[in-house]
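K.L.:
All I have is the shape, not the residue letters:
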C-alpha cells in the first residue's frame, strides 16, 4: 500500500469535483446525494456537464448541422426533458421512447423513429404522432402507408441506407456488409420506386455507419462517404431530400489509455461534408445523431461497500451494486476485451492509502465484476464506490430483474 492523492483512474474533468476528500456531483457530496436519493445504488447525471458538452459541440459544428440526441443512450425522462431545450431533435427506437420524446416537448417532425422490427401498432403510433419513420424493412413502406390510411394522415419517412462502405477501425460497426439495419445501398433505388407509388412524405435519407469511435480522421472519412451516398441517391428520390441524417460515431474514453476524441477535428471533417451538400442540395438539413457523447461522461454510478474480504491474497469489495444495474461496466455489453471503467472510492479521495482491489456485486455469478484489480483507496464497509463514464447504456441496458434485487435509482442533479 502507498500514499497517493487522487487516483489515476479518475477522469481529468472530475478531479476538481472534490470537497473534503469526497466526490461531488452537481456540486453535492455523494454521501448527501445518497441520502437524497433514498439509498444506493444510484445513477447520478450532472445536467451542467451535459449542457457544457452540447455548447462545446455547437461551437465546433457549422450552424447548418442539426444536433439530435439518441434516446437509446439514456431515456430517463428528466434527462430527456433537460436535453429537449438544448438539441434540435431526438432519435428514438421504440414506442416507449416515442412517448418520452413527445412528453419532453420535442416537436414531432424533429423526432426520428429508427430500428428494425417495428410493429404495425408502432407504425400507426408514429404516423398519428407525426414523427419521421426510418424505413429499414423490405415491407415497411407498404406497412407505413397502411398505417397512415388507418389513422388518416400522410406519414413522414426517411430511407435508412445500409452503405456499401464499412468503417473498420474502432467502435461498433452499424453499417456495411450484411446487417439487420437499413436497406442495402444497392437495393435502395428499387425501394424508392415503390415509395414513389405510395402516399408517403419521403423527407430524405438516414445512414448510420457506426458508433463509439475515438478517431476523428475515421469519423471524417465515414461522414465524407455518407455524403457521397446521399448525393448519389438524391437524384433517384421521388422528391428532393430535406433531411439527411448521417448518424453519429463520436465516442468517449472508457478506460485508462484511451485518448479522448478530438471533437474539433471531427467537426471540421463534418463541415467539409456539409459544404458539399449545401452546394448541391441547398434545401437539405444535415443531422448529426449522438447519444453517449452527449451524456456518457456526465453520469456516475454509485454503490456502497457491504463487505470487505480477502481470498488467497486478493482483496474483494462486495457492493450492493452489480451488473444487473450496470452491465456495460462489468464488460458484458459489447466489450471484446474487458477493461475497467474509471473507478474510485468516492468517500476517500485525497491522501488515503491505496491498494489493489476487485469490486464485485452480490449476484451469484463470476461475471458480476464492476472493476478487476483496480488501484483505489483502501475501502471499508459503508464507503461509496463511484463508477464514472456511466451516463449512457447503464440502467436500461442492464438485466435489472436478475436475482430480483431491484432497479437502481436515477437522479438528475
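P.N.:
That came through fine. Every value quoted in this text rests on a predicted model; they were computed, and no experiment measured them.
K.L.:
A strand includes residue 315, no?
P.N.:
Yes. Per DSSP: H, G, I helix; E, B strand; the rest coil, residue 315 lies within a strand segment.
K.L.:
Might you report the residue contacts of it?
P.N.:
Contacts for residue 315 (C-beta atoms under 8 Å, 6 or more residues apart in numbering) come out as 308, 309, 355, 356, 357, 358. (Each C-beta comes from the backbone N, C-alpha and C, glycine too.)
K.L.:
The same query, at a cut-off of 10 Å, please.
P.N.:
308, 309, 355, 356, 357, 358, 359, 373, 376, 378, 379 (C-beta atoms under 10 Å, 6 or more residues apart in numbering).
K.L.:
Pull up the per-residue confidence for it.
P.N.:
pLDDT for residue 315: 97.
K.L.:
And it, how far from residue 307?
P.N.:
11 Å (C-beta to C-beta, to the nearest Å).
K.L.:
Can I have the buried ones of the contacts of residue 315 as a ChimeraX selection?
P.N.:
Selecting only the buried entries of the contacts of residue 315 in ChimeraX, with 16 or more other C-beta atoms under 10 Å as the criterion:
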select :357,358,359,376,378,379
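K.L.:
Run through the stretch 201-350 of the chain and note the low-pLDDT ranges.
P.N.:
334-337 (pLDDT under 70).
K.L.:
In it, what residue spans correspond to strands?
P.N.:
201-207, 210-211, 243-245, 285-290, 299-311, 314-319, 343-345 (DSSP state E, counting those that start in this stretch).
K.L.:
In TSV: these, plus distance to residue 107.
P.N.:
TSV is the format used below for those (distance: least, C-beta to C-beta, whole Å):
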stretch	distance to residue 107
strand 201-207	14
strand 210-211	25
strand 243-245	13
strand 285-290	13
strand 299-311	26
strand 314-319	42
strand 343-345	40
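K.L.:
Ok, which of the ones you listed comes nearest residue 76?
P.N.:
Closest approach to residue 76 among the strands of the stretch 201-350 of the chain (C-beta to C-beta): strand 299-311, 9.5 Å.
K.L.:
counting contacts, what elements does that closest one pack onto?
P.N.:
In terms of contacts (3 or more C-beta pairs under 10 Å, 6 or more residues apart in numbering; DSSP states H and E), strand 299-311 is packed against strand 22-25, helix 30-37, strand 42-45, strand 314-319, strand 343-345, strand 353-360, strand 384-387, strand 409-412.
K.L.:
Give me the distance between the first one and the centre of its chain.
P.N.:
When distances are taken as C-alpha atoms, centre = their mean, to the nearest Å, strand 22-25 is centred 24 Å away from the chain's centroid.
K.L.:
need the helices for the stretch 151-300 of the chain, in chain order.
P.N.:
188-196, 216-234, 263-280, 292-295 (DSSP state H, counting those that start in this stretch).
K.L.:
coming back round to it: and which of the contacts of residue 315 is nearest residue 166?
P.N.:
Distances from residue 166 to those, taken by C-beta to C-beta, are shortest for residue 373, at 35.4 Å.
K.L.:
List the contacts of the nearest residue to the closest one once chain neighbours are set aside.
P.N.:
Sequence neighbours aside, residue 356 is the residue nearest to residue 373 in space, at 5.2 Å (criterion: C-beta to C-beta, 6 or more residues apart in numbering). Residues in contact with residue 356 (C-beta under 10 Å, 6+ apart) are 1, 314, 315, 372, 373, 374, 375, 376.
K.L.:
For the third one, give its distance to residue 302.
P.N.:
If I follow you right, that is residue 315. In terms of C-beta to C-beta, residue 315 sits 20 Å off from residue 302.
K.L.:
And for the fifth one?
P.N.:
Applying C-beta to C-beta, one obtains 21 Å for the distance of residue 373 from residue 302.
K.L.:
May I see the buried residues of stretch 199-214?
P.N.:
200, 202-214.
K.L.:
List the contacts of the residue in the chain sticking out farthest from the centre.
P.N.:
No residue in the chain sits farther from the centre than residue 312, which is 39.2 Å out by C-alpha atoms, centre = their mean. With C-beta under 10 Å, 6+ apart as the criterion, no residue contacts residue 312.
K.L.:
Relative to the whole chain's centre, how far out is stretch 53-63?
P.N.:
With C-alpha atoms, centre = their mean as the basis, stretch 53-63 stands 18 Å off its chain's centre.
K.L.:
What are the contacting residues of it?
P.N.:
With C-beta under 10 Å, 6+ apart, stretch 53-63 has contacts from 65, 67, 69, 83, 85-88, 250, 252, 262-268, 270-275, 278, 286, 288, 290, 293-298, 391.
K.L.:
What's the PyMOL syntax to select whichever of those residues are buried?
P.N.:
Applying 16+ other C-beta under 10 Å to the contacts of stretch 53-63, the buried members can be selected in PyMOL as follows:
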select buried, resi 65+67+69+83+86+87+88+250+252+263+266+267+270+271+273+274+286+288+290+293+294+295+296+297+298+391
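K.L.:
ok, and the closest non-adjacent residue to residue 310?
P.N.:
residue 316 (7.4 Å).
K.L.:
now residue 110
P.N.:
residue 89 (3.6 Å).
K.L.:
Can you report how many residues lie near the one you found?
P.N.:
Neighbourhood size, residue 89 [other C-beta atoms under 10 Å]: 23.
K.L.:
Now do the helices in the stretch 1-150 of the chain.
P.N.:
Taking DSSP H, counting those that start in this stretch as the criterion, the stretch 1-150 of the chain carries its helices at 30-37, 47-60, 77-84, 95-103, 120-129, 140-151.
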